[in-house]
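1. Need coordinates for the following:
(2 chains, ligands or ions: 1)
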Amino acid sequence: MPANRFNGFTDYGVGIGLRIPHYQHIFEQKPVVDWFEIISENYMVDGGRPLYILDQILDQYRVVQHGVSLYLGSAERLNREHLRRLKDLVRRTKTPWLTDHLCWGSVDGRYTHDLLPMPYTFEAARVTAEKIRQVQDFLEIPIAVENVSSYAEFHISEMTEWEFLVEVVEQADCGILLDVNNIYVSSRNHGYDALEYVNSIPAERVAQIHIAGHSKFQKYTLDTHDHPVIEPVWQLYNRAIERCGSTATLLEWDDNIPSFEEVHREALKANRFLDQQHESAGLRPIAEVVSQSGAIR
Amino acid sequence: MSSQLLQLQRRMATAVMEPLTRYESTRKVRRDGVDMASEASEFIKPNISLTSLERLEIYNRQYWFRLYSSLEEDFPGLLAVLGRRTFERVMRCYLDTYPSTSFTLRDLGSKLRMYLSSHEELIGSKGKIALDVASLEWAHIEAYDAATFPAPEPEYFAGITDDSFLRLQPSVRLLELAYPVDDLLISIRQSIGSSDTSSNNASVIRKSSTIRRVGKISSTTLWLAVHRQEFAVYYKRLRLEEYRMLCAIQAGLPLGKVFETAFQGSTMDEASQAELLQEAFHQWAVLGWLCAPE
Ligand SMILES: [Fe+2]
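-> Have a look, this model is predicted:
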């Protein structure tokens, strides 16, 4: 199940997020990296350095687009200008699939620039699924939606978060970007069983997995992407891989960003689970395949 | 559409966008008199360790932290001129009047110059300098990622008449300033790096940069082109005639009118005028500022 229709039938291995502090290292050292995830919004511009850098990366690496502002769960209509720019970028990057969050963030044309949690209602699922379908139709590539970290729940919710996720992706017939760190963070904040969440996901729809670090406070856990991945999150990852098979995996590190090597090393820890999965499926370890084929196109 | 989803989102957004207190916490009473704790408890569930209001506060703080740090990153010069306290007060008022209406934080400061010019009482004695700095910093943002169009073919220049048109690259922005804030901004920008939108992770603390102190700046009229070379943004001081011509080109006037505007009220003799024209157009062509008409 690693390659499926929700990730364009690709098998991308372990990637990291493309971040400005690493540009110099990447261009000078040309490290072998399975793939980079880019934040679409950083490149939805008319010209200049962002697109120049992106084109250089595209010359040598595989890139997948990850967005932060489609707000598929906002009650308002999709922003046409946004979609047009996104499609231009999709043509440029040839991303095999595209991800954004299962959340909302704008209302009446005002943007909060945050990934706000959904009320888990049937109405919200229907509205969100309809918008995902519109985006898929317009962009003509598979969309996978990511579960977000959240700090609040609403009284009007009619189901659990994972039931809502399933409801949306099945109505929209789209993929899932399963963020196991977000599941962990939200499970701490809302007191549910993270494993039950992972076990409830339709595994055949998982296009990609996110791993990341977070920060714990006395009363809540914050999704800060500024630490290594903790063991309980690796265990959730392990379970996800057991269920989904070897799946494109990406480490997010967005604050207090260490050296490229350190981030990449942390990401590659995922291989210990992926390799096990390959072995049990009678396949060669992914590290071996990468070193033979070279990840650089 | 008046769905339950829309109603909830309106309610939550109003609460999230409500300005914080001086101590960066959620207000007890909203400015319209609504009690925030009872409002939050009406739509947010509490949990064993946090009340509804405390859960709302996480989002309320993240909203302001994220927007403040975006503006701080885009307007380091304005921050230096105003100082942190005034800068933050101004930004709070600005965002309260003009919340973001774009999917990208890049556009967050697009109305700031206009807002400041109609609220000079907020910026006090440094008002005029602040206006110039805000203009320059927004022009910088626009020049940085504007499109580039092909330059005119050399033959186009050969056949040029008074009725011909040229276009200015969108990455060239023109400014008339009352203070030489270009030097100020160059030194401020040299001391800071740049960053990009991360994947919307939360921040534990507000990210603040250290602020440069700004000395006294004397007023002197300045005409400036903010432009891009090799993907970096530069500031180039212009002669008044050059500024006028570039503005006229940008406004889409035919070249005859462009030349006429340049020397309005000028005492320059014709030979000097011709020399200036030749020199200016040559330089603009070398810098890649001109593009062929559509
Ligand atoms: Fe994520």
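2. Close to chain B: what parts of the stretch 151-297 of chain A are there?
-> Contacts of the stretch 151-297 of chain A with chain B, taken as Cβ under 8 Å from any Cβ of the partner chain, map to A:151-156, A:189-191, A:212, A:215, A:218-220, A:222-226, A:252, A:254-255. All C-beta atoms are positioned from the backbone trio N, CA, C, and that covers glycine.
3. ok, which residues in the stretch 51-200 of chain A are in contact with the ion?
-> Listed as neighbours of the ion in the stretch 51-200 of chain A under the rule Cβ under 5 Å from the ion: A:D179.
4. Closest approach to the ion from the stretch 51-200 of chain A, which residue is it?
-> Using Cβ to the ion, the closest approach of the stretch 51-200 of chain A to the ion is made by A:D179 at 3.9 Å.
5. I'd like to check which residues are in contact with that residue.
-> Shown in contact with A:D179 (Cβ atoms under 8 Å, 6 or more residues apart in numbering or on different chains): A:146-149, A:209-212.
6. thinking again about what came up before, now list the buried members of the residues of the stretch 151-297 of chain A next to chain B.
-> A:151-154, A:156, A:189-190, A:212, A:215, A:220, A:222-226, A:252, A:254-255 (16 or more other Cβ atoms under 10 Å in any protein chain shown).
7. Surely B:T97 is in contact with B:Y115?
-> Yes: assessed by Cβ atoms under 8 Å, B:T97 is found in contact with B:Y115 at 6.5 Å.
8. The two: which is more packed in?
-> Comparing B:T97 with B:Y115 by other Cβ atoms under 10 Å in any protein chain shown, the one with more neighbours is B:Y115, at 19 against 11.
9. On the strand side of things, show who B:A225 bridges to.
-> Per DSSP bridges, the residues bridged to B:A225 are B:L174, B:K236.
10. Wait, it touches B:S171, no?
-> No: the criterion here is Cβ under 8 Å, and B:A225 misses it with B:S171 at 10.1 Å.
11. Flag every buried residue along stretch A:84-101.
-> Within stretch A:84-101, the residues scored as buried using 16+ other Cβ under 10 Å are A:85-86, A:89-90, A:93, A:95-101.
12. Which of those fall in strands?
-> Taking DSSP state E as the definition of strands, the buried residues of stretch A:84-101 contribute A:98-101.
13. wait, which of the residues you listed is closest to B:A274?
-> Of all these, A:L98 has the smallest distance to B:A274: 55.9 Å, by Cβ to Cβ.
14. who are the neighbours in contact with that closest one?
-> A:40, A:64-67, A:86, A:90, A:139, A:141-144.
15. what's the neighbour count on the closest residue to it other than its chain neighbours?
-> Spatial nearest neighbour of A:L98, excluding adjacent residues (Cβ to Cβ, 6 or more residues apart in numbering or on different chains): A:Q65 at 4.9 Å. Neighbour count of A:Q65, defined by other Cβ under 10 Å: 25.
16. try the one 4 residues further on
-> Under the neighbour criterion other Cβ under 10 Å, A:S69 is assigned a count of 26.
17. Correct me if wrong: it contacts A:G105.
-> Yes: counting by Cβ under 8 Å, A:S69 does reach A:G105; the two are 6.7 Å apart.
18. Identify the contacts common to these two.
-> Joint contacts of A:S69 and A:G105 (Cβ under 8 Å, 6+ apart) are A:111, A:113.
19. how close does B:D107 sit to the ion?
-> 24 Å (Cβ to the ion, to the nearest Å).
20. ok, that residue - contacts?
-> Here B:D107 is in contact with B:100-101 (Cβ under 8 Å, 6+ apart).
21. how near is it to A:R84?
-> B:D107 is 16 Å from A:R84, where distance means Cβ to Cβ, to the nearest Å.
22. same thing with B:R22?
-> The gap separating B:R22 from A:R84 is 42 Å, by Cβ to Cβ.
23. do A:Y43 as well
-> 14 Å.
24. Next, B:R61: secondary structure please.
-> Following DSSP: H, G, I helix; E, B strand; the rest coil, we place B:R61 in the helix state.
25. Surely it touches B:T21?
-> No: counting by Cβ under 8 Å, B:R61 does not reach B:T21; the two are 10.6 Å apart.
26. what packs against the helix or strand where A:L115 lies?
-> Element membership for A:L115, per DSSP states H and E: strand A:110-116. Counting contacts by 3 or more Cβ pairs under 8 Å, 6 or more residues apart in numbering or on different chains; DSSP states H and E, strand A:110-116 is packed against strand A:104-107, helix B:4-16, helix B:52-74.
27. Show me whatever sits in contact with both of B:A225 and B:S171.
-> Common contacts of B:A225 and B:S171 (Cβ under 8 Å, 6+ apart): none found.
28. For the stretch 1-150 of chain B, give me the ranges with low pLDDT.
-> Filtered on pLDDT under 70, the stretch 1-150 of chain B yields the residue ranges B:1-2.
29. gap between the residue lying farthest from the centre of chain B and the ion?
-> Relative to the C-alpha centroid of chain B, counting by Cα atoms, centre = their mean, B:I48 is the outermost residue, at 44.0 Å. Noted for B:I48: a distance of 26 Å to the ion, by Cβ to the ion.
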